[in-house]
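Participant: Got a predicted model here, sequence first, then my questions.
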Amino acid sequence: MEPFTLQQGDSPMILAFPHAGFALPGEVAARLNDEGRLCRDTDWQIQHLYADLIPGLTTITANTSRYVIDLNRDPGGNSLYPGQTTTGLIPETTFDNVPIWREGAGPTPADVTHWLARLHRSYHAALQAQIARVKARHGVAIVYDCHSIRSQIPWLFDGVLPDLNIGTDGGVTCAPEIEAAVVEIARASGHTSVLNGRFRGGWTTRHYGQPDTGVHAIQMELAQISYLKTEDPPFMTDPQKADHLRITLTKIVSKLAEIAPSLAKR
């Protein structure tokens, strides 16, 4: 299986899905326990939720599980949230702190080196190429990093997560107009939302979001209960919830594409 699926479009928008995949290479699946092979922490159905919201979107979608290697983590292994619980480049537990590897079969430094080269670098090389292509065409590129997560995970955060969790690393990764537009649409949507709460943007958003260079990045972390029937297996979409949420997501993506030409003139 290819490590990612790429769809090129002519919009200034690039949608990235680093955690949508759940494929497991045989050598990894054999070392995972039953919990690990479930791939519970996948961003379930997220690529389908965003499919064809507006014409011309470029999308890059990971096919392999984040349990093989996490494409939204710093390749140097540095924590995105120092002092807070989180998982690393190759997770050893679920978001509930439950082990995912068979005893004695956990990831090694050699695994990190191998999967960084095989998956992490290839995914980000492709994303970088698309950013360069889109920016050359439009004078600007907007990377919208698409994520979802269970709404209640005590090991990671207290209480219930809002439906829409917007991350710009404190306004660093994109122009103020982008952040303001997404916040305004989210607040008017009827969904609960927060800006730079528990999720301020992962490595993708922080690494590529350099507004002074014409590359803007923003992360949207959706609570899965806002579009799935339940947050338990088999992680199926609720069509009514999804259709309702897609209205808001369409407004967001459309607005950002609309804003892009004014950003390019700077």
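Facilitator: That came in fine, so what should we check first?

Participant: Tell me which stretches of this structure form strands.
Facilitator: Using DSSP state E, the strands found in the chain span residues 4-7, 13-17, 58-62, 141-149, 164-167, 193-195, 215-223.

Participant: Put together a markdown table for these, with distance to residue 77 on each row.
Facilitator: The C-beta positions use only the backbone N, C-alpha and C, and glycine is treated the same way. Putting these into a markdown table (distance: least, Cβ to Cβ, whole Å) gives the following:
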| stretch | distance to residue 77 |
| --- | --- |
| strand 4-7 | 22 |
| strand 13-17 | 21 |
| strand 58-62 | 19 |
| strand 141-149 | 20 |
| strand 164-167 | 21 |
| strand 193-195 | 28 |
| strand 215-223 | 20 |
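
Participant: Now tabulate those in a markdown table and tack on mean pLDDT.
Facilitator: Converted to a markdown table, the strands of the chain look like this (pLDDT from 0 to 100):
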| stretch | mean pLDDT |
| --- | --- |
| strand 4-7 | 98 |
| strand 13-17 | 98 |
| strand 58-62 | 98 |
| strand 141-149 | 98 |
| strand 164-167 | 98 |
| strand 193-195 | 98 |
| strand 215-223 | 98 |
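
Participant: Nearest to residue 104, out of the ones you listed?
Facilitator: strand 58-62 (27.9 Å; Cβ to Cβ).

Participant: Just the angle for the helix ranked longest in the chain relative to strand 141-149, thanks.
Facilitator: Longest helix in the chain, counting residues (DSSP state H): helix 239-264. Here helix 239-264 runs at an angle of 150 degrees relative to strand 141-149 (axes from the mean of the first three to the mean of the last three Cα atoms, to 10 degrees).

Participant: Quick one: list the elements packing against helix 239-264.
Facilitator: strand 13-17, helix 46-49, helix 121-138, strand 141-149, helix 176-187, strand 215-223 (3 or more Cβ pairs under 8 Å, 6 or more residues apart in numbering; DSSP states H and E).

Participant: got a markdown table for those, with mean neighbour count too?
Facilitator: Shown next, in a markdown table, are those (neighbours: other Cβ atoms under 10 Å):
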| stretch | mean neighbour count |
| --- | --- |
| strand 13-17 | 25 |
| helix 46-49 | 20 |
| helix 121-138 | 17 |
| strand 141-149 | 25 |
| helix 176-187 | 18 |
| strand 215-223 | 25 |
